[in-house]
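*Asks:* When you get a sec, could you give me coordinates for this:
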Amino acid sequence: MVRTRAQRRKEKEEAKKKAQEEAAAAQSSSSAVTLDSKLDSLLEKKLEEKIDKIVEKILEKKKSGKDKRRQNGSAAVPSKDDDSSEESNSVSEAGSSNSSSAGSVSSWKKVKVNWSLLPLFDPKEGFEDWERQFEDFMKEELRRSRFGSSGQWRRVVRMGILKAAKNDPKFKAHLKRFFRAGLKHKEVIRRVKEEYLSNLLIRQLEVEERIKEFPYDAKRRTASGEVAKPKIKFAFKTLRRRFSILKIDALAVQRPIEDAAKPTMILHALNTDQTTTFITAIRAQKGEMLLDLNSLSWDDIRPHLDWFAAIEEKEKGGEGGREKAGRSSNPKVGHRGNDRGRQRENGNTGGSSRQGSSGSSGQGGQYPVCYTCGRKHEGEC
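*Replies:* Numbering: from 1, shown residues only. Reported below is the predicted structural model:
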């Protein structure tokens, strides 16, 4: 077949295009290869730098750990104090815990303690006797060698000391206060002993017992050790004197008597007749027929206690003393003391009061003041 010029021209152009396309493809492939090689080299450098940094950090950590262990080993030097064994045990325990951190083996040991032999603290027996008994108990039941670690031993000793003080809450509170301060058991016992030797805590306990047993003498005791409580009538002046002394002693040991407890102490110290007389006088002043004893305050009771005590003191001095007691002891009620003094002179009988009333009624229709209720009426309550 004879080809025309136009066909030849087309074939040449197509061949040129193919050659150009192949050349462009070859160039693009070569440039991509060069870029990939550059990226790979950069990544390799960065990875090498990161690996070097990680290795350096690991080496630094190992060096610091070795330095700390050397410092702990140099610090584990036993002291020459009384608690040298305890401190060395605690240091050795710390070193063993550091060395066995990977294994983490527990040093707790199950120990059976016979708590029935524990001596209980009794303030009546004294602190020194209890201290000696507790030391003997520690030698038998709380030896350090019986426990797996010093921490376990210290916890059990602290528990034993607090158990021994369970019958005395105040003594137990003192022990807890020192234990919270982080002191060891020997230091705690020494501090509490100092307080007892200073006699402050003993005086506080004595004052609290006197408040509890008021108005009896807490030093007089029966064969069983309890406070002797004879069945006697305490005069108002005796109650006021003992109560005043007790208030002064309580303030001296920083244990003031609360105002809410004072009325109860006085009312419980009175017998039946004194209570009736006392309550009747308060009711006459307050003008209330029904009186709740729980609502009485110390301000309600104190003036009447002073009033009756002053009357008893003046009655010992004679007739003039009885008349002066009525004028000076209770200004709120007026001159009832004079009439009471006269009534006492007449014998406090119904006939004598009626005689006084008839005589006074002729002069103005007035009756003498009753010693029991404090009112003016005929006869006796």
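*Asks:* contacts, neighbours, all on C-alpha from now
*Replies:* Noted.
*Asks:* distance of Glu11 from Ala23?
*Replies:* According to Cα to Cα, to the nearest Å, Glu11 stands 18 Å off from Ala23.
*Asks:* Ignore what I typed, I meant Pro119.
*Replies:* Distance of Pro119 to Ala23, given as Cα to Cα: 108 Å.
*Asks:* more neighbours, the two?
*Replies:* Using other Cα atoms under 10 Å, the more surrounded residue of Pro119 and Ala23 is Pro119, with 21 against 11.
*Asks:* tell me the contacts of the more buried one?
*Replies:* Residues near Pro119 by Cα atoms under 8 Å, 6 or more residues apart in numbering: Trp130, Gln133, Phe134, Phe137, Ala164.
*Asks:* ok, those vs Ala281, which is closest?
*Replies:* Ala164 (49.8 Å; Cα to Cα).
*Asks:* Can you give me every residue that contacts the closest one?
*Replies:* Leu118, Pro119, Leu120, Phe121.
*Asks:* which of those residues has the most neighbours?
*Replies:* Neighbour max across the contacts of Ala164 (other Cα under 10 Å) = Phe121, 24 neighbours.
*Asks:* so where does it fall, helix or strand?
*Replies:* Following DSSP states H and E, one finds Phe121 outside all helices and strands.
*Asks:* Report the contact partners of it.
*Replies:* Taking Cα under 8 Å, 6+ apart, one finds Phe127, Trp130, Ala164, Ala165, Lys166, Asn167, Asp168 in contact with Phe121.
*Asks:* try 7 Å
*Replies:* Phe121 sits next to Trp130, Ala164, Ala165 when contact means Cα atoms under 7 Å, 6 or more residues apart in numbering.
*Asks:* Out of these, which sit inside helices?
*Replies:* Trp130, Ala164 (DSSP state H).
*Asks:* For the contacts of Phe121, could you give me a markdown table that also reports distance to Leu175?
*Replies:* Below are the contacts of Phe121 laid out as a markdown table (distance: Cα to Cα, whole Å):
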| residue | distance to Leu175 |
| --- | --- |
| Trp130 | 14 |
| Ala164 | 11 |
| Ala165 | 8 |
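*Asks:* Helices along the protein, start to end?
*Replies:* Using DSSP H, helices in the chain cover 5-75, 84-99, 127-141, 150-164, 169-180, 185-197, 200-212, 236-252, 262-269, 272-286, 298-315, 319-328, 336-345, 350-364.
*Asks:* For these, state which one has the densest average packing.
*Replies:* helix 336-345 (a mean of 20; mean count of other Cα atoms under 10 Å).
*Asks:* about what we covered before: farthest pair within the contacts of Ala164?
*Replies:* Using Cα to Cα, the contacts of Ala164 span at most 9.6 Å, a distance reached by Leu118 and Phe121.
*Asks:* and the end-to-end length of stretch 218-235?
*Replies:* End-to-end for stretch 218-235, by Cα to Cα: 18 Å.
*Asks:* State the mean pLDDT of it.
*Replies:* Averaged across stretch 218-235, the pLDDT comes to 86.
*Asks:* what's the burial count for Val253?
*Replies:* Quick note: Val253 (other Cα under 10 Å) scores 17 neighbours.
*Asks:* Could you measure from the nearest residue to it once chain neighbours are set aside over to Ala6?
*Replies:* Nearest residue to Val253 in three dimensions, chain neighbours excluded: Gln204, at 5.8 Å (Cα to Cα, 6 or more residues apart in numbering). With distances taken as Cα to Cα, Gln204 is found 134 Å from Ala6.
*Asks:* do the same with Arg177
*Replies:* Arg177 is 117 Å from Ala6, by Cα to Cα.
*Asks:* Likewise for Glu140?
*Replies:* 126 Å.
*Asks:* same question, Ala25
*Replies:* 29 Å.
*Asks:* Could you do Lys46 as well?
*Replies:* 61 Å.
*Asks:* ok, now Asp52?
*Replies:* Relative to Ala6, and taking Cα to Cα, Asp52 is found at 70 Å.
*Asks:* Could you do Trp115 as well?
*Replies:* In terms of Cα to Cα, Trp115 sits 124 Å off from Ala6.
*Asks:* what do you get for Lys237?
*Replies:* 154 Å.
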